[in-house]
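Undergrad: Sequence below, structure please.
(chains A and B)
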2 protein chains.
Amino acid sequence: MPRPVLITGDWRPARAASTFHAIDPSTGSALPDEYPVSHWDDAEAALTAAAKAAAELRDVPVERIGKFLTAYAAAIEARSTEIVDMAHRETGLAKTPRLATGELPRTTNQLRQAAAAALDGSWSLPTIDSKLNIRSRHAAIGPVIVIGPNNFPLAFNSVAGGDFAAAIAAGNPVIAKAHPSHPGTTRLLAEEALRAVHEAALPAATVQLIYRTSREDGARLVADVRVGATGFTGSRSAGLALKHAADAAGKPVYLEMSSLNPVVVLSGALQTRADKIADEFADSCLASAGQLCTKPGLLIVIAGPHTESFLAKLRQRFAERPAATLLSPVVAQSLDASLKTLTSSKAEILAGGSAVPGPACRFNNTLLRVSGVDFLANPHALQTEAFGNASMVVIASDTDQARAILEELDGQLTGAIYSDAQGGDDDAYNLLAPIVRRRVGRLLNDKMPTGVAVSPAMNHGGPYPATGHSGFTSVGIPASLRRFSQLECYDNIRQHRLPRILQDRNPNPQAARLIDGHWSQADVPPRA
Amino acid sequence: MPRPVLITGDWRPARAASTFHAIDPSTGSALPDEYPVSHWDDAEAALTAAAKAAAELRDVPVERIGKFLTAYAAAIEARSTEIVDMAHRETGLAKTPRLATGELPRTTNQLRQAAAAALDGSWSLPTIDSKLNIRSRHAAIGPVIVIGPNNFPLAFNSVAGGDFAAAIAAGNPVIAKAHPSHPGTTRLLAEEALRAVHEAALPAATVQLIYRTSREDGARLVADVRVGATGFTGSRSAGLALKHAADAAGKPVYLEMSSLNPVVVLSGALQTRADKIADEFADSCLASAGQLCTKPGLLIVIAGPHTESFLAKLRQRFAERPAATLLSPVVAQSLDASLKTLTSSKAEILAGGSAVPGPACRFNNTLLRVSGVDFLANPHALQTEAFGNASMVVIASDTDQARAILEELDGQLTGAIYSDAQGGDDDAYNLLAPIVRRRVGRLLNDKMPTGVAVSPAMNHGGPYPATGHSGFTSVGIPASLRRFSQLECYDNIRQHRLPRILQDRNPNPQAARLIDGHWSQADVPPRA
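TA: Modelled structure (predicted):
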């Protein structure tokens, strides 16, 4: 009997088309719990309930949405040992320094930041023209489908992560689709979410959970007329299939799909701090077995007297560190396939390159190298993402060739440039930085891209195909909330019928509003 | 010899696949000037030049972009008589009260507001985390394709209107595609734009103009890898074809496509001010021959003692006012076809219904009626847009049926509700307003939707299929600029390499920035 799904506030038996088990990647064996692959009927029921909840949520004071998010954060903390144990078992990610000390606090922090943003109201960009009595703001868009990735069982979980928190804080119900590699973790989180829904007296269908659907039903879900928008984090192929369906239906879909996160190390930097950069690169590539969206998958160096010794340092670090446990057999197979594509396009393996024999999903840390000439001869294949503990160094013959390489790159989440602290690399920097800037969401100096801070200034987004729309970020509150909103304008609406944030009196003295062309926290001045 | 196109700052002969003439709708005759339908080669040349200009514009101080926009506004005013004469000849729109007194000042006002927004910088939502030294803002996305509609030869013109002003103010070059019904107006505007480009010393390809392409080349253009985004205003069929192409390439496309702009008149309002509402409705429907994006195409009233007398008032006004000159033969044909669809779905003609015989593009003011039951039996066909001087009244049997009718409506730009000023309609309002709210970009009370104010609080957008994305507006500065931007983040970037708006010192003391979670116009405080 598979585990029930969460629909309309009830844990009820799924209409299961089939069932599945998660796999413990440290053993390669299936875990005992059985989970349903839902028939469309489950999605249909969830959509009907979510549409009703969306209408009800429009009349719910933001204080109750804030209460839900903070109560949920506290409930996750209260059950953290069990949740972390389950996530560790299902993903192989370390409890410390990763799940217990990093990802779980990040998750509850995001929920609390989202609560604060909902209460503050500034996220909605309230805009008032007092002379014409026209007022606008961003507001809830309707039921949001959240489809989370395999690599963050907590902080990007479809029922607890950043997309979830943003969608709820913007006033929308969420239909979460679990990632099939950690259904148990998702179930435990959803149990706590439901308790918090009751505690805050939100509509019962504010949070719903389906574990898995067919790919066809997933596409049908994001295109359904009752849906407001979709947030997805995962592979490019899955993301593009959803995008195709949602686009055709005119439904906004926010996708974080793939990124190589190129890092350019200029000659002066290499000359003065090769060891430090080698450490930072190895740390960034191999943390969490390289299974981070912003793992640097491409390191570009310019051939010079220090290049080969730098490569030797990198190789040593990759070879010395222990082989990593990957999230699932699927990840291991996909990594192996990516490496085959890269090596058949003239990339050469410097370290690793193969799985560790045995039942566990373990892979040797892998470092590749390729020449700039070979990269330019086959730039498409050599941009194949190798998700996992692998990265590739491209050795450009000179700065001009580095520029040509960068110009071939697809849209990315991040791009980093290391340069001489004394200004010795400034000419090269000034040539290359604009090329990188146009292709990335986040540009870094002298820093690796992993460790995406939950900051209002963060952009975890970037040009297509890194994401589906370069104007939005999935990390960084309050901006992430606006993905799940529509712009609402009120023209000549009687004062008492206006949403509170648009009334003359500012309901929250902290809220910034654009009044008659000026940002202000004041009330609208009385008309003369 | 067809008129030249504007590419890379030169008026040069088009590579013409064929040619066309505009038509004077008041005579039905072709105007003398010959214009090219460009071969793809022209688009290719414009794209190459625009990509180069986009890179150059990143280093241009905003002051020069502001200078261009204000110089252009002044140049349009200096040549206003000629421009208005040409627009009148090509569109049949009145010089007064429309082109000279309304649309031209609106156009120059938009250009000046866009200049002010560019100089101010707040539009870009500068966000600074001073502790982590992470900073982000919205910035230019790259070459913008602007495709303007037939109905605003100046204020939505591809080379002078709202999309153009927003795209330029956000720092992007524009490739304008003229509307084929007013190429001469577009040419005169582009001549002034080029002069202003020179005056402000912007890259020569900042403004380029092609008159017309094949439909296939239009789709190819918006999907080109060099393009940043597209702004389109026009028909749903043309818009959806572009959306399909742009979506598949991962290119943002902002489309304003269609809207019925429902107006609900509740019983108390009808009882107390039927004459006033009838005047307002007729004015709103028939101004500019009903060829406005927000013309109320659907009036919903609830059957009662005042309904038939109200309909008689409406019929009288539609019948008494003179037949209008439409923009072009295409508009007249399309209106006729729409009316056939409506009448074959049981809508009954109360006034007008046919073209005025003769060569001019004139159509009798047309009013239709249909019962709520018949509407609900065929809600898709009865939502056919009748662009022009026509509108339809739906008579709902009661409030519940009115709700059912509203629930069938597609996404709209606007929705208005007239209600009793003393509160007598409040129950009905409270029932119906949430249904309308979800389906429209702008909700109005006691006011018709035409006359879209250029206000920061305006939303000229709405849920699909009224537009392509409900989070954005095409009118209303500064919000309209953000459509043509991508989110850029700077992580640990050395201070002197940051864009000015993100440096510690606020370059414009008026600019609002979100610093460490608080909106502020101050500099970033020095680190302790």
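Undergrad: Quick one: mean pLDDT over stretch A:423-430.
TA: The average of the pLDDT scores along stretch A:423-430 is 97.
Undergrad: Give me the contacts around that stretch.
TA: Contacts made with stretch A:423-430 from outside it, assessed by CB atoms under 8 Å, 6 or more residues apart in numbering or on different chains, are listed as A:266-269, A:302, A:399, A:402, A:417, A:419-420, B:497. In short, each C-beta sits where N, CA and C put it, glycine included.
Undergrad: run the last query once more with 6 Å
TA: Residues external to stretch A:423-430 that are found in contact with it (CB atoms under 6 Å, 6 or more residues apart in numbering or on different chains): A:266, A:268, A:399, A:419.
Undergrad: export those residues to a markdown table and tack on pLDDT?
TA: Supplementary listing: these in a markdown table, determined by pLDDT from 0 to 100:
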| residue | pLDDT |
| --- | --- |
| A:Leu266 | 98 |
| A:Gly268 | 97 |
| A:Thr399 | 98 |
| A:Ser419 | 98 |
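Undergrad: so who does A:Ser328 touch?
TA: Contact criterion CB under 6 Å, 6+ apart gives A:23, A:25, A:181 as the residues in contact with A:Ser328.
Undergrad: Any stretches of chain A with poor pLDDT?
TA: Low-confidence segments of chain A, defined by pLDDT under 70, span residues A:528.
Undergrad: Which helix runs longest in it?
TA: If each helix of chain A is counted by residues according to DSSP state H, the longest one is helix A:267-286.
Undergrad: Tell me the buried residues in that helix?
TA: Buried residues in helix A:267-286, counted by 16 or more other CB atoms under 10 Å in any protein chain shown: A:267-270, A:272-274, A:277-278, A:280-282, A:284-286.
Undergrad: Packing partners of it?
TA: Counting contacts by 3 or more CB pairs under 6 Å, 6 or more residues apart in numbering or on different chains; DSSP states H and E, the secondary-structure elements packed against helix A:267-286 are helix A:307-320.
Undergrad: buried ones in the helix it packs on?
TA: A:307, A:310-311, A:313-315, A:317-318.
Undergrad: In a markdown table, list those along with distance to B:Ala160.
TA: Written out in a markdown table, the entries for the buried residues of helix A:307-320 read as follows (distance: CB to CB, whole Å):
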| residue | distance to B:Ala160 |
| --- | --- |
| A:Thr307 | 53 |
| A:Phe310 | 54 |
| A:Leu311 | 56 |
| A:Lys313 | 58 |
| A:Leu314 | 55 |
| A:Arg315 | 59 |
| A:Arg317 | 59 |
| A:Phe318 | 58 |
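Undergrad: between those residues, which is closest to A:Ala49?
TA: A:Phe318 (49.7 Å; CB to CB).
Undergrad: can you tell me which residues contact that closest one?
TA: Going by CB under 6 Å, 6+ apart, A:Phe318 touches A:351, A:365, A:367.
Undergrad: Tell me if I'm right that A:Ala479 and A:Phe472 touch.
TA: No: using CB atoms under 6 Å as the test, A:Ala479 is too far from A:Phe472 to be in contact (7.5 Å).
Undergrad: Give the partner strands of the strand or helix carrying A:Leu413 in its sheet and their orientations.
TA: Secondary structure from DSSP states H and E places A:Leu413 in strand A:412-418. Each strand that pairs with strand A:412-418, with its direction, by DSSP bridges: strand A:263-265 (parallel), strand A:440-445 (parallel).
Undergrad: can you give me the offset of the longest helix of chain A from its chain's centre?
TA: Taking CA atoms, centre = their mean, to the nearest Å, one finds the center of helix A:267-286 at 26 Å from the center of the full chain.
Undergrad: how big is the angle separating it from helix A:307-320?
TA: Compare the direction of helix A:267-286 with that of helix A:307-320 by axes from the mean of the first three to the mean of the last three CA atoms, to 10 degrees and you get 10 degrees.
Undergrad: how about the CA coordinates for helix A:267-286, as PDB?
TA: Extracted C-alpha coordinates of helix A:267-286, given in PDB (Å, rounded to 0.1, in the frame of the first residue of the first chain):
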ATOM      1  CA  SER A 267      47.600  35.300 -15.400                       C
ATOM      2  CA  GLY A 268      48.500  37.700 -12.600                       C
ATOM      3  CA  ALA A 269      46.100  35.900 -10.200                       C
ATOM      4  CA  LEU A 270      47.600  32.600 -11.200                       C
ATOM      5  CA  GLN A 271      51.100  33.900 -10.700                       C
ATOM      6  CA  THR A 272      50.500  35.300  -7.200                       C
ATOM      7  CA  ARG A 273      48.000  32.800  -5.600                       C
ATOM      8  CA  ALA A 274      47.900  29.500  -7.400                       C
ATOM      9  CA  ASP A 275      47.700  27.400  -4.300                       C
ATOM     10  CA  LYS A 276      44.800  29.400  -2.800                       C
ATOM     11  CA  ILE A 277      42.900  29.300  -6.100                       C
ATOM     12  CA  ALA A 278      43.500  25.600  -6.500                       C
ATOM     13  CA  ASP A 279      42.100  25.000  -3.000                       C
ATOM     14  CA  GLU A 280      39.100  27.200  -3.600                       C
ATOM     15  CA  PHE A 281      38.400  25.500  -6.900                       C
ATOM     16  CA  ALA A 282      38.600  22.000  -5.500                       C
ATOM     17  CA  ASP A 283      36.400  23.000  -2.500                       C
ATOM     18  CA  SER A 284      33.800  24.500  -4.800                       C
ATOM     19  CA  CYS A 285      33.800  21.600  -7.300                       C
ATOM     20  CA  LEU A 286      33.800  18.800  -4.800                       C
END
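Undergrad: after it comes which helix or strand?
TA: Read in the C-terminal direction, the helix or strand following helix A:267-286 is strand A:298-302, with elements assigned using DSSP H and E.
Undergrad: Give the partner strands of that following strand in its sheet and their orientations.
TA: Partners of strand A:298-302 in the sheet, by DSSP bridges, are strand A:263-265 (parallel), strand A:390-396 (parallel).
Undergrad: residue ranges for the helices of the stretch 301-450 of chain A, please.
TA: Counting by DSSP state H, counting those that start in this stretch, the segments of the stretch 301-450 of chain A that form helices are A:307-320, A:329-343, A:372-377, A:399-407, A:426-439.
Undergrad: So which bits of the longest one are buried?
TA: Of the residues in helix A:329-343, those buried under the neighbour-count criterion (16+ other CB under 10 Å) are A:329-332, A:334-336, A:338-339, A:341-342.
Undergrad: Mind putting those residues into a markdown table with distance to B:Asp41?
TA: Formatted as a markdown table, the entries for these read as follows, by distance: CB to CB, whole Å:
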| residue | distance to B:Asp41 |
| --- | --- |
| A:Pro329 | 52 |
| A:Val330 | 47 |
| A:Val331 | 47 |
| A:Ala332 | 50 |
| A:Ser334 | 43 |
| A:Leu335 | 45 |
| A:Asp336 | 46 |
| A:Ser338 | 39 |
| A:Leu339 | 43 |
| A:Thr341 | 36 |
| A:Leu342 | 38 |
